[in-house]
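Undergrad: Fold the following and give me the result.
(chains A, B and C)
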Amino acid sequence: MGEQKLYQASANWLKSAVDALCAAGIEVLAPTQSESGKVDLARVTSSEQVIQSYPNTAFPLKRLFLPMSEVLLEYEKGEEGDVELGPKSAPAKELVILGCRPCDAAALEMLDKVFQWDYSDVPYQEKRDRTTVVSLACSEPSPECFCTSVGGSPQGSEQSDVLVFGGANSAALMQINTAKGEKFIERLADTVTPAPEGTKLPEPTELEQKFDPQKVKGWLDENFESNFWVENSLGCLGCGTCSYLCPTCHCFDIVDEASWNRGQRRRNWDCCSFALFTLHASGHNPRPDQAARYRQRLMHKFKVFPERFGRVACVGCGRCLKNCAVGQNLLADLADIESR
Amino acid sequence: MSANGTITQTLREAAAQVLSEEKVGVVIGYGRDDGQEFSTPVFLRKAEEVKRLVFDDLCFGNLAVYLPRPEIRKMGKTGIVVKGCDLRAVNVLLRENVIKREDVLLIGVRCGGVGQPQLPKCSVCELHDPGGCDVVVGEAIEQQEVKAEQRYTEAGKIEAKPAEHRWEFWQKQLSKCIRCYACRQVCPLCYCKRCIIEKSTPQWVQTSPHLRGNLAWNVTRALHLTGRCVGCGECERVCPMDIPLGAINQKMAKVVDERFGFRSGFSAQEEAPFTTFSTEDSEEGIL
Amino acid sequence: MATKNTSTADQALIPLDYKPSKMRIERITEETSDTKTFRLNFCDADEAQRFEFRAGQFGLYSVFGAGEATFCIASSPTRKEYIECSVKRMGKVTAELHQCNEGDIIGFRGPYGNSFPMEQMEGKNLLFIGGGIGLAPLRSLIWNCLDLREQFAEMTILYGARTEADLVYKEELKTWQQMQDVRTAYTVDPGGETPEWKGEVGFVPQILEKMKPSPKNTIVITCGPPIMIKFVLVSLTGLDFSLESAYTTLENRMKCGVGKCGRCNVGNQYVCKDGPVFRCSDLQNLPQEF
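TA: Sure, this is the predicted structure:
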């Protein structure tokens, strides 16, 4: 699309959008709050369930496209030794995601690169195609945020079909980036109006750059073997929290689950921190200790990904440092690398 | 606010001494950087590093999880900072012959409780003063009497619900599990080199994070910790999905307490019910 | 090294839904006490017609209910009527595969990965060095070359296993030995021989040094256990071979086979996409993590 189109809406845009979309029978994911206080995008059927003020959602968008566990195949063995394979794919229903943050939308760019690398991953792409992403620009980044260090911005529009500016109590400005975004605006009917000629986007929110990925990569290029990996992974427990909450981590396992003569082949999340991840059936493990696995995680994000796909596999959402059980701090580790 | 704030200096001195006298190859303790929400593990090899060491209200972690690790053992004898609750885990590791007493140097801290607000486990702490350590730092803390019914309040809350509500409750909770295994990895007593979940011939537990697999995993975890769990609460603290794992562990501890009069980790010599044959054991349930 | 900023925009993507082709086991050959070769036919005639591969490529074979496992295609692309794979019983899927009978249906998806450099091999002397089950990918290539024999100069096959009983493709080893235009040397590790053994005794690199093949105009293709490869490369260097004209295959644990599941990379090289065939000189520049 050539020039960006701007629309304006009332402060209450999120709730009215939910109601308009639900009324049109479209699946809607919007920010809600759980009993334990976590804010997350959940399927909603009414605007009453929706909250409007939050720093970011507890979980990134990844699981909507690469679910934690999904059925790739169903099989049933017949009496005569034949095998029936399924399921027949059902037509995908339209889905609108409302209120994710720009970093999480930008992460879809990295996932797209992997899942469309020579082979287009059908289960992923089907979900991607049916989904419209409406992001909410950040006016108050959290202390753990560092999107500006990895090429993003609190107002970045990458992979957002629509980017909405405006707090909970002020009028909203909607920047339409794609045809899917246009369609979304049409659905909102008269709750939105084209912004007057000359309307400017708000001044970008400042967020200090905390490290330089180029410098980090420069060190990584030379230091596959370094005591850094051993020292900085001593505390790492080897759980999957950082990866599973990461918007760009996409590693998966494929397993069969059988029940008598029928069963499923499933794709489940997996994680390079786990000892089993690379263990050969022979017992050989190319990444035999936590130091090697920690190195893989950093190298993959800040060296391998840039080399293969032209950018780092990190959007600076800060979930890994916020949720690490032992306070392992990716940002501190990268700053440490940069200072070397 | 507890008296924990004043311990840091004495703790540093104690750590510096054992390091400079080369009594240990490493001291595992807590450190704190600006902006961190809790005090995190540090691994000190030299006496001059002890300034990184702190002890405060935010020292939640149970550092005993690091004791069985090969990369730590490689460093030589391990000095470790333990609160009373952590000592219970060390005692189980000793009891189960995972570590040898002569390979660890226990630096006990008299702890008045951690957390802001204080963690529930601290209000029923029975080991403010860790006994049997090589070094103990901190002022003596008056030990409140803890009544049996106070110990299992979390489990009690769930027990009070009717059976079908409990089933509904746990289905809902365990559906959330993403199988990150943070609960297992943070547990000092989940030291198996290869967890049963990682064994595929045969596949004992389904690895998929659907309710069936999650139930199997969480029940397996609970059973493997029955009579062993010391209630440090780390699994629940680190669960990114807020599953009340402590209540499961507490329930199992309660059953073991009621049936066998046994509470895990109060001594390294104790005879644990599941590894001790006794003709006195109740046989109900075995038909 | 084949590092590229992959741009997918300008090339057609191949849709991948992870559904395997159904294949019927036509024949099972017991190679050793723990290795079997499965000859497979596509159940669907159209799929059989469409299927093409190159020597060195691999696939994911699945036993429904047990899961998928990665093996090279051990038959030659010139033999279009079937594909074969040789499987050592190691873990869950391989154990289940060994339980299968002729006539059973299994799953297959592929072919994936790169292949041996057939174009560069044309007109050259070919030296194949295999160890144990590592002969499987070489076998595909050897038959491929034998079927196009006039395109290549001398062909030499050096193959070894721990014991006589561990030698795979025993009938084919005899066939190759009897061919006039193929030089063969078979060896077993010291202690692995029976009194009837007429071949060499010694580790593969030792026999290689004894054979003293000329590096001139020669391409080496070697597959086998990592420890064998390591010493074969040392021996080759000692014999003045350039590792730029030596190729091997890597194997790593894989789930997807197409660069998405994220576990088979060695540095920035994905074994499933950039491999499994690697030039030995390139391997030396990779992080030693395989």
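Undergrad: From here on, just use CA atoms for contacts and neighbour counts.
TA: Noted.
Undergrad: near chain C, which residues of the stretch 1-150 of chain A show up?
TA: By the rule C-alpha under 8 Å from any C-alpha of the partner chain, the part of the stretch 1-150 of chain A lying against chain C is A:72-73, A:75, A:81-83, A:113-123.
Undergrad: Could you pick out which of these are located in helices?
TA: A:113-115, A:122-123 (DSSP state H).
Undergrad: any low-confidence regions in the chain?
TA: In the absence of a named chain, this looks at chain A. Applying pLDDT under 70 to chain A flags the ranges A:1-4, A:167-169.
Undergrad: Not quite, go with chain B.
TA: For chain B (pLDDT under 70), the answer is B:1-5, B:285-287.
Undergrad: Show me what residue of it gets nearest to chain A.
TA: B:C180 (4.3 Å; C-alpha to the nearest C-alpha).
Undergrad: Can you tell me how far the spatially closest residue to that residue that is not a sequence neighbour is from A:Q296?
TA: Nearest residue to B:C180, sequence neighbours excluded (C-alpha to C-alpha, 6 or more residues apart in numbering or on different chains): A:G240, at 4.3 Å. A:G240 is 14 Å from A:Q296, where distance means C-alpha to C-alpha, to the nearest Å.
Undergrad: got the domain boundaries for the chain?
TA: Went with chain A since none was named. Per automatic domain parsing, the structural domains of chain A span A:5-194, A:213-338.
Undergrad: That was the other one, I meant chain C.
TA: If you go by automatic domain parsing, chain C breaks into C:21-112, C:118-249.
Undergrad: re the thing from before, of all the domains of chain A, which lies closest to B:A148?
TA: Proximity to B:A148, assessed across these by C-alpha to C-alpha, is greatest for domain A:5-194 (28.4 Å).
Undergrad: In three-state terms, label A:L111 for me.
TA: What DSSP: H, G, I helix; E, B strand; the rest coil gives for A:L111 is helix.
Undergrad: picking up where we left off before, now that the residue nearest to B:C180 has come up, it's in contact with A:C271, right?
TA: Yes - here A:G240 reaches A:C271: they are 5.9 Å apart, a contact under C-alpha atoms under 8 Å.
Undergrad: Show me which of the two is the more surrounded one.
TA: For A:G240 versus A:C271, the count of surrounding residues by other C-alpha atoms under 10 Å in any protein chain shown is larger for A:C271: 27 against 22.
Undergrad: what's the one helix or strand A:D256 maps to packed up against?
TA: Element membership for A:D256 (DSSP states H and E) is strand A:252-259. Contact partners of strand A:252-259 among helices and strands, from 3 or more C-alpha pairs under 8 Å, 6 or more residues apart in numbering or on different chains; DSSP states H and E: strand A:262-269, strand C:67-72.
Undergrad: Nearest to B:S264, out of these?
TA: Closest among these, using C-alpha to C-alpha: strand A:262-269, at 34.8 Å.
Undergrad: Parallel or antiparallel, list what pairs with the closest one.
TA: Using DSSP bridges, strand A:262-269 pairs in its sheet with strand A:69-77 (antiparallel), strand A:252-259 (antiparallel).
Undergrad: Quick check: the gap between the spatially closest residue to A:V83 that is not a sequence neighbour and C:Q284.
TA: Nearest residue to A:V83 in three dimensions, chain neighbours excluded: A:K77, at 4.4 Å (C-alpha to C-alpha, 6+ apart). Applying C-alpha to C-alpha, the value for A:K77 to C:Q284 is 47 Å.
Undergrad: Same drill for these two, tell me which one is more crowded.
TA: Neighbours per residue (other C-alpha under 10 Å) separate A:K77 from C:Q284, with A:K77 holding more: 17 against 10.
Undergrad: just the residues of the stretch 1-150 of chain C that are near chain B, which are they?
TA: For the stretch 1-150 of chain C, the residues in contact with chain B (C-alpha under 8 Å from any C-alpha) are C:91-92.
Undergrad: Where does pLDDT dip in the stretch 1-150 of chain C?
TA: Those would be C:1-11, if you go by pLDDT under 70 across the stretch 1-150 of chain C.
Undergrad: just the helices in the stretch 1-150 of chain C please.
TA: For the stretch 1-150 of chain C, helices defined by DSSP state H, counting those that start in this stretch occupy the ranges C:45-50, C:92-99, C:118-121, C:135-147.
Undergrad: now do the stretch 151-290 of chain C
TA: Secondary structure of the stretch 151-290 of chain C, counting by DSSP H, counting those that start in this stretch: helices at C:170-178, C:204-211, C:226-238, C:280-283.
Undergrad: Please see if stretch B:41-54 touches chain A.
TA: Yes - residues of stretch B:41-54 are located near chain A by C-alpha under 8 Å from any C-alpha, namely B:41-43.
Undergrad: Tell me how many other residues surround C:E171.
TA: Applying other C-alpha under 10 Å, we find 10 residues neighbouring C:E171.
Undergrad: likewise B:K74?
TA: For B:K74, the neighbour count with other C-alpha under 10 Å is 11.
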